[in-house]
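Undergrad: The following comprises the amino acid sequence and a computationally predicted model.
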Amino acid sequence: MEIALYTLTSPLHDEASVNASSSSFIKEIEEALGSGFIFRGPDFSDFGSHDLDIIYVRTGGTEGLFRQVFPVMKGKIHILTSGKSNSLAASMEILSFLRQQGRSGEIIHGSTGYIAERISLLAKVEAARKSLDGTNLGIIGEPSDWLISSMADAESVKDKLGINLVRIPISELIDEIGKVSVEQLPEKALKVKEAFDSSAPKALGQYADGAFRIYAALKNLIGKYNLSGLTLRCFDLLTAVGNTGCLALAILGSEGIPAGCEGDVPALLSMAIGNALTGVCGFQSNPSRIDPQAGEMVLAHCTIPLNMVNRYGFNTHFESGIGVAICGCLQTGPATIFKVSGDLSRHFACEAQLTDNLSEKDLCRTQIVLKVSEKDVCRDYFLTNPIGNHHVVFPGCNKALFGAFMESL
């Protein structure tokens, strides 16, 4: 990860003295980070071209120097200061100037451990933002009829994330399914097919070819429209081709392609952001049961990225009883629930412990139990003010990371 360091130093201060105090300060941060900065000094000509660009205000009296280089800067401005030589006071004046210009910024100041932790988090956020900028997410078919609140504002998504939402008629996918061959599947899909052939119930055999054809057709559309992710109005496939997209979406997710269900665009955006930040596409799931007193939830869905599970089996799609769905078993331990609104004005993130995997007959096929860290959110958020139905579960404790990303917008 590239983290560049630009400096502002007042000519009134002794350069040798400033260099001496700065050197030890920066060295301590680099040791805590486990990596070095790209030192750019006072040359701001390539500012904005790294994963994270930091302005190191080394002394006071640098406010005018900042104003001179400010026109080349875009996005949120990150200011590092040790506090020596009136540098914190200058940084606060600079930050106030930024606010007056309608711009956002942050002073990174404190203990070495805090500074290193904050820089590491901000670098992940900026790298994720840049990886999403200019990408295309496909909406194949309209959102399912029951998702009456799960729409997206394409203009806000483009403005805040740089993501283009590409609408593709469901009829185009159906036509493509009729054309494709599954004779030459990619390696990951081929391994899934081998697992299916060796372990799936015989009754599912009638759906196997069709399930892999849906995968192959989606891969073709991904190539045609240069998609980095997609969401699918999957229930239309039940009548159109007598199958479901559960297996196809599970394989795509394991390939690092966020692939969501039911045409839910906010859920897809949540998956895309989460994938950019954590490298995992996430489990789009329905909250099925909530115990607000215990702070415990059951979430379930019929598909999950296969690289999120320790093991998996095959069953039919829950609601329809046809097609090929995934029964996944996830690793117990820390998890984070994440969801953004369709205009990105609001988000929810909560850490939890994944305590169990279930196999109940009256739920979608992959089922998990989460015990949330702040049990009041069950009542105050999920049962009072939720962002739609689907929520996305990611492994690990990532609330701060998701929060920092949304704050950066």
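TA: All right, it came through fine.

Undergrad: Now residue 166, what are its backbone angles?
TA: Main-chain dihedrals, residue 166, degrees, to the nearest 10: phi -110, psi 120.

Undergrad: and it, what is it in contact with?
TA: By C-beta atoms under 8 Å, 6 or more residues apart in numbering, the contact list for residue 166 reads 136-139, 225, 227. All C-beta atoms are positioned from the backbone trio N, CA, C, and that covers glycine.

Undergrad: would you turn those residues into CSV with distance to residue 352?
TA: Output for those, formatted as CSV (distance: C-beta to C-beta, whole Å):
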residue, distance to residue 352
136, 32
137, 27
138, 30
139, 29
225, 35
227, 31
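
Undergrad: Got a quick PyMOL command for the buried subset of those residues?
TA: This is the PyMOL syntax for the buried subset of the contacts of residue 166, where burial follows 16 or more other C-beta atoms under 10 Å:
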select buried, resi 137+138+139+225+227
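
Undergrad: what residues go with each domain of the protein?
TA: Per automatic domain parsing, the structural domains of the chain span 3-132, 136-408.

Undergrad: Return the set of buried residues in the helix or strand hosting residue 66.
TA: Element membership for residue 66 (DSSP states H and E) is helix 63-69. Neighbour counts over helix 63-69 (16+ other C-beta under 10 Å) mark 63, 65-66, 69 as buried.

Undergrad: go on, stretch 202-210?
TA: For stretch 202-210, by 16+ other C-beta under 10 Å, it's 204, 207-208, 210.

Undergrad: cool, stretch 177-186 as well?
TA: Applying 16+ other C-beta under 10 Å to stretch 177-186 flags 177, 180, 182, 185 as buried.

Undergrad: Please enumerate the strands of the stretch 151-300 of the chain.
TA: Here the stretch 151-300 of the chain has its strands, by DSSP state E, counting those that start in this stretch, at 164-168, 227-232, 259-261, 283-291, 296-301.

Undergrad: helices and strands around the second one, which ones?
TA: I take that to be strand 227-232. Applying 3 or more C-beta pairs under 8 Å, 6 or more residues apart in numbering; DSSP states H and E, one finds that strand 227-232 contacts strand 136-140, helix 205-225, strand 259-261, helix 265-278.

Undergrad: cutoff 10 Å now
TA: Applying 3 or more C-beta pairs under 10 Å, 6 or more residues apart in numbering; DSSP states H and E, one finds that strand 227-232 contacts helix 112-132, strand 136-140, strand 164-168, helix 170-179, helix 205-225, helix 246-254, strand 259-261, helix 265-278.

Undergrad: what about the protein, any weak spots by pLDDT?
TA: Applying pLDDT under 70 to the chain flags residues 16.

Undergrad: in it, which strand has the most residues?
TA: strand 347-358 (DSSP state E).

Undergrad: Please name the nearest non-neighbouring residue to residue 373.
TA: Leaving aside its sequence neighbours, residue 373 sits nearest to residue 351 (C-beta to C-beta, 6 or more residues apart in numbering; 4.6 Å).

Undergrad: which residues does that neighbour form a beta bridge with?
TA: Taking DSSP bridges as the rule, residue 351 bridges to residue 336.

Undergrad: my read: it touches residue 400, true?
TA: Yes - between residue 351 and residue 400 there is a contact at 9.1 Å, judged by C-beta atoms under 10 Å.

Undergrad: Pick out whichever of those two has more residues nearby.
TA: Higher neighbour count among residue 351 and residue 400: residue 351, with 18 against 14, using other C-beta atoms under 10 Å.

Undergrad: can you tell me how far the more buried one sits from residue 338?
TA: Distance, residue 351 to residue 338, using C-beta to C-beta, to the nearest Å: 10 Å.

Undergrad: repeat for residue 24
TA: Distance from residue 24 to residue 338, by C-beta to C-beta: 39 Å.

Undergrad: Counting neighbours, go ahead and name the busier of the two.
TA: residue 338 (29 against 10).

Undergrad: part of a strand, is the more buried one?
TA: Yes - judged by DSSP: H, G, I helix; E, B strand; the rest coil, residue 338 forms part of a strand.

Undergrad: residues touching it, list them.
TA: Contacts for residue 338 (C-beta atoms under 10 Å, 6 or more residues apart in numbering) come out as 267, 270-271, 273-274, 277-278, 282, 347-350, 387, 391-394, 398-399, 401-403, 405-406.

Undergrad: Give the buried subset of those residues as a ChimeraX selection command.
TA: A single ChimeraX command is used to select the members of the contacts of residue 338 judged buried by 16+ other C-beta under 10 Å:
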select :267,270,271,273,274,277,278,282,347,348,349,350,387,391,392,393,394,398,399,401,402,405,406
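
Undergrad: on contacts alone, who are the packing partners of the host helix or strand of residue 17?
TA: Here residue 17 sits within helix 15-33, counting by DSSP H and E. Judged by 3+ C-beta pairs under 10 Å, 6+ apart, helix 15-33 is in contact with strand 3-8, strand 52-57, strand 77-80, helix 112-132.

Undergrad: any idea which of the ones you listed is most buried?
TA: strand 52-57 (a mean of 25; mean count of other C-beta atoms under 10 Å).

Undergrad: partners of that one, with directions?
TA: With DSSP bridges as the test, strand 52-57 is paired with strand 3-8 (parallel), strand 77-80 (parallel).

Undergrad: Out of those strands, flag the one nearest residue 254.
TA: Across those, residue 254 has its closest neighbour in strand 3-8 (30.4 Å, C-beta to C-beta).

Undergrad: That closest one to helix 112-132, inter-axis angle?
TA: Put simply, strand 3-8 runs at 110 degrees to helix 112-132, going by axes from the mean of the first three to the mean of the last three C-alpha atoms, to 10 degrees.

Undergrad: and the angle from strand 3-8 to helix 15-33?
TA: Going by the same axes, to 10 degrees, strand 3-8 makes 160 degrees with helix 15-33.

Undergrad: Restricting to C-alpha, output strand 3-8 in CSV.
TA: Backbone C-alpha positions of strand 3-8 (Å, rounded to 0.1, in the frame of the first residue of the first chain) are rendered in CSV as follows:
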residue,chain,number,x,y,z
ILE,A,3,1.3,6.1,1.6
ALA,A,4,2.9,9.4,0.5
LEU,A,5,4.1,12.1,2.9
TYR,A,6,4.2,15.7,1.8
THR,A,7,5.7,18.4,4.0
LEU,A,8,5.0,22.0,5.0
